[in-house]
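Asker: just coords:
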């Protein structure tokens, strides 16, 4: 991620702005896809943490889309602050030039954040997955 002191400082600031309250709702909302992903990769011998981070990278979904869009708007405003051109064209240009990198960066920050909070969230995510898999295997779902 960071290549210099200023970038590292920015990474750390953004890392602490991740909405921790959005983590479990994110996994509940995407539980079906997560279960499918974990089952497809269960023979790879990867830990649950690695699988979850790979899931996040594959689907490229922010934990909190509303917060993500707010941060992206801030980045757009900061980069366009000095430009004296049509706002619509400037925003469109920014999105074409930077939106992919911005999302990639946010996804990577989420994965780094999961490393910091894994002890609190992995057990809960694991229970969520186990419960969902048990539900899928129950006799009434196999009719």
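Answerer: Good, I have the coordinates. Nothing here was measured: the structure is a model prediction, and the numbers come from that model.
Asker: Show the low-confidence segments of this protein, by residue range.
Answerer: 1-17, 79-86, 139-143 (pLDDT under 70).
Asker: Any idea which residue is closest to the centre of this protein?
Answerer: By C-alpha atoms, centre = their mean, the mean C-alpha position of the chain lies nearest to residue 62, the distance being 3.7 Å.
Asker: Count the neighbours of residue 49 for me.
Answerer: 15 (other C-beta atoms under 10 Å). The C-beta positions use only the backbone N, C-alpha and C, and glycine is treated the same way.
Asker: right, I mislabeled it, should have said residue 131
Answerer: Residue 131 has 12 nearby residues by other C-beta under 10 Å.
Asker: for residue 61, helix, strand, or coil?
Answerer: coil (DSSP: H, G, I helix; E, B strand; the rest coil).
Asker: wait, what's in contact with it?
Answerer: By C-beta atoms under 8 Å, 6 or more residues apart in numbering, the contact set of residue 61 is 26, 30, 107.
Asker: Could you export those to CSV, including columns for neighbour count?
Answerer: Output for the contacts of residue 61, formatted as CSV (neighbours: other C-beta atoms under 10 Å):
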residue, neighbour count
26, 19
30, 15
107, 20
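Asker: For the residue nearest to the centre of the chain, which non-adjacent residue is spatially closest?
Answerer: In space, and not counting its chain neighbours, residue 62 is closest to residue 68: 3.6 Å by C-beta to C-beta, 6 or more residues apart in numbering.
Asker: helix or strand for the one you found, which one?
Answerer: Element membership of residue 68, judged by DSSP states H and E, is helix 65-80.
Asker: What residues sit buried inside that helix?
Answerer: In terms of neighbour count (16 or more other C-beta atoms under 10 Å), helix 65-80 has its buried residues at 68, 71-72, 76.
Asker: where's residue 108 relative to residue 57, distance?
Answerer: Distance of residue 108 to residue 57, given as C-beta to C-beta, to the nearest Å: 8 Å.
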